[in-house]
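S.K.: Provide a 3D model corresponding to the input given below.
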Amino acid sequence: STDGGNAWVGADTAFYDTMLLAGVLFCIAPDPTSGDLWVATSFDAAGDSAMDIVTFHYISSGGIWEKEVAAITPDSVSYAFPAVSVDYTGIPGIVFQKNIGSYPSVGPVGLLMFTRKVSGSWIPPETLRFSPDAQTDETSGWPSVGITETNEIYIAFTQDSTSFGFQVFYSKIVPESGIYDTPRRIVSKDNNDSLIGGIFPHMTYNFPVTGPYAGPGISWCSPPPPPTNLYYKHMPLIPTGVEEGNETAKPLLTFIEISPNPFTNNVEIRLWMEDVGCKMDDVSLSIYDVSGRRIRSLVTGDLCSGALLWRAKDNAGKRVKSGIYFVRLRVGEITVTKKLVLLE
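M.R.: Residues are numbered from 1 along each chain as shown. Okay, here's the model as predicted:
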């Protein structure tokens, strides 16, 4: 359709490829900067009987399609259910599922992962952690995405909620800031705040960040056996790195200091966190580049206060290039991200 949906022409074959014949669960997103289209699907690109993530890029200026492999599974565990988005700088990103297990009522479940194309290459996938524990994260499934004009990617998904069965949750990631672990929020509750279960969520792709309609709309259906119900909810925006109602979030913002910034060789990161409920194994402190790739893990464990020095080196001990980086502090379910500028 070229007139807003009043008239439709086709259906005609836009592009033919053997990958398309064997692809599973296609997803499409427009590039707001160019009018290009990105299509993502699962396909056994490596020929090892495990599904990988492939894309088909429609270049509107030339009227041509190009196919690319976005993510190859390294361990013969299939990647599935890709959900593609394109941010407002023209960078495509894909949330997908690494299948680990399966449930009779919902099908395959596993870990949610994310990759995006930066400077011409698809970066290694980042694992998304939204639930309170790693075991629950491994029951994630059926991701659907939406994107804001501020390039925050919202994700609706299902997870096993122990005795309450599968529920629909949503969260968000901010790739430019290296944020991939914003705590999940429950969606599948009725007007009496009772859990009603859910599978196959779908999120509105574009939504505003201001005004009465700010936030995503999410639809889903109740689990089998039939007959099943169809539900819809409008959900609020999620503040970056802050869990709603957590009174320790605001004080935490004042408990991390960075100096000097910008810096040339060394930067000191100082923490004071005794007053925000810091406990053993609660804290992680990492450095990310602008693509969202973790390049240095400074703390994983029990540091509650003190100063750390980052000498502009990655985990392999190599000096990193000058540019913008992000230090991300996580204390329990609270995440704070601050920008670093490394000079030549």
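
S.K.: below-threshold pLDDT in the stretch 201-344 of the chain: ranges please.
M.R.: Scanning the stretch 201-344 of the chain for pLDDT under 70 picks out 240-256, 272-282, 291, 300-306, 331-335.

S.K.: ok, which stretches of it are helices?
M.R.: 249-252 (DSSP state H, counting those that start in this stretch).

S.K.: sheet-wise, list the partners of the one helix or strand residue 66 maps to with their directions.
M.R.: Under the criterion of DSSP states H and E, residue 66 resides in strand 64-71. Applying DSSP bridges to the sheet, strand 64-71 is found paired with strand 52-59 (antiparallel).

S.K.: list of residues touching the strand it pairs with?
M.R.: For strand 52-59, contacts defined as CB atoms under 8 Å, 6 or more residues apart in numbering pick out 14-15, 17, 19-20, 23, 36-46, 64-73, 79, 82, 84, 92, 94, 96, 115. The way it works is simple: take the backbone N, C-alpha and C, and place the C-beta from them, glycine included.

S.K.: buried set for it?
M.R.: 52-58 (16 or more other CB atoms under 10 Å).

S.K.: farthest pair in those?
M.R.: 52 and 58 (20.3 Å; CB to CB).

S.K.: ok so, going back, quick one, the helix or strand following the strand holding residue 66 and strand 52-59 angle?
M.R.: Sequence order places strand 79-86 as the next helix or strand after strand 64-71, per DSSP H and E. Our comparison of strand 79-86 with strand 52-59, counting by axes from the mean of the first three to the mean of the last three CA atoms, to 10 degrees, yields an angle of 30 degrees.

S.K.: show me what strand 79-86 is packed up against.
M.R.: strand 24-30, strand 37-43, strand 52-59, strand 92-103, strand 107-118, strand 141-147 (3 or more CB pairs under 8 Å, 6 or more residues apart in numbering; DSSP states H and E).

S.K.: buried sites along stretch 127-138?
M.R.: In stretch 127-138, counting by 16+ other CB under 10 Å, buried: 128-131, 136-138.

S.K.: would you map the strands across the stretch 101-250 of the chain?
M.R.: 107-118, 121-122, 126-127, 141-147, 153-160, 166-173, 185-186, 199-203, 217-221, 230-234 (DSSP state E, counting those that start in this stretch).

S.K.: nearest to residue 338, of those?
M.R.: strand 166-173 (17.4 Å).

S.K.: sheet partners, orientation included, of that closest one?
M.R.: For strand 166-173, the paired strands and their directions (DSSP bridges) read strand 153-160 (antiparallel), strand 185-186 (antiparallel).

S.K.: average pLDDT across that strand?
M.R.: Here strand 166-173 scores 94 as its mean pLDDT.

S.K.: list the buried residues in it.
M.R.: 166-173.

S.K.: pick the most buried one from the helices and strands packed on strand 79-86.
M.R.: When those are scored by mean count of other CB atoms under 10 Å, the highest mean neighbour count falls to strand 141-147 (a mean of 24).

S.K.: next, count neighbours for residue 185.
M.R.: Neighbour count for residue 185, taken as other CB atoms under 10 Å: 15.

S.K.: same question for residue 62.
M.R.: Residue 62: 9 neighbours (other CB under 10 Å).

S.K.: and residue 19, helix, strand or coil?
M.R.: When classified by DSSP: H, G, I helix; E, B strand; the rest coil, residue 19 comes out as helix.

S.K.: now do the contacts for it.
M.R.: With CB under 8 Å, 6+ apart, residue 19 has these contacts: 41, 43, 45, 54, 56, 67.

S.K.: against residue 50, how distant is it?
M.R.: 15 Å (CB to CB, to the nearest Å).

S.K.: again, but for residue 157
M.R.: 21 Å.

S.K.: domain parsing for the chain?
M.R.: 18-234, 249-342 (automatic domain parsing).

S.K.: so what's the nearest residue to residue 299 once chain neighbours are set aside bridging to?
M.R.: Leaving out its chain neighbours, the residue that sits closest to residue 299 by CB to CB, 6 or more residues apart in numbering is residue 285, at 4.0 Å. Here residue 285 sits in beta bridges with residue 299, residue 329, going by DSSP bridges.

S.K.: tally of neighbours for residue 285?
M.R.: 21.

S.K.: now swap in the one 3 residues further on and tell me
M.R.: Applying the criterion other CB under 10 Å, we find 23 residues in the vicinity of residue 288.

S.K.: could you report the neighbour count for the residue lying closest to it once chain neighbours are set aside?
M.R.: Nearest non-adjacent residue to residue 288, counting by CB to CB, 6+ apart: residue 178, 3.0 Å away. Per other CB under 10 Å, the neighbour tally for residue 178 reads 25.

S.K.: ok, residue 178 touching residue 337?
M.R.: Yes - between residue 178 and residue 337 there is a contact under CB atoms under 8 Å: 6.4 Å.

S.K.: okay, and the common contacts of these two?
M.R.: 326, 328.

S.K.: could I get the phi/psi values of the residue nearest to residue 288?
M.R.: phi 70, psi 30 (degrees, to the nearest 10).

S.K.: model confidence at it, what's the number?
M.R.: Residue 178 is given a pLDDT of 82.

S.K.: what residues does it make contact with?
M.R.: 286, 288-289, 292-294, 326, 328, 337.

S.K.: cool, residue 76 as well?
M.R.: Counted by CB under 8 Å, 6+ apart, residue 76 has contacts 48-50.
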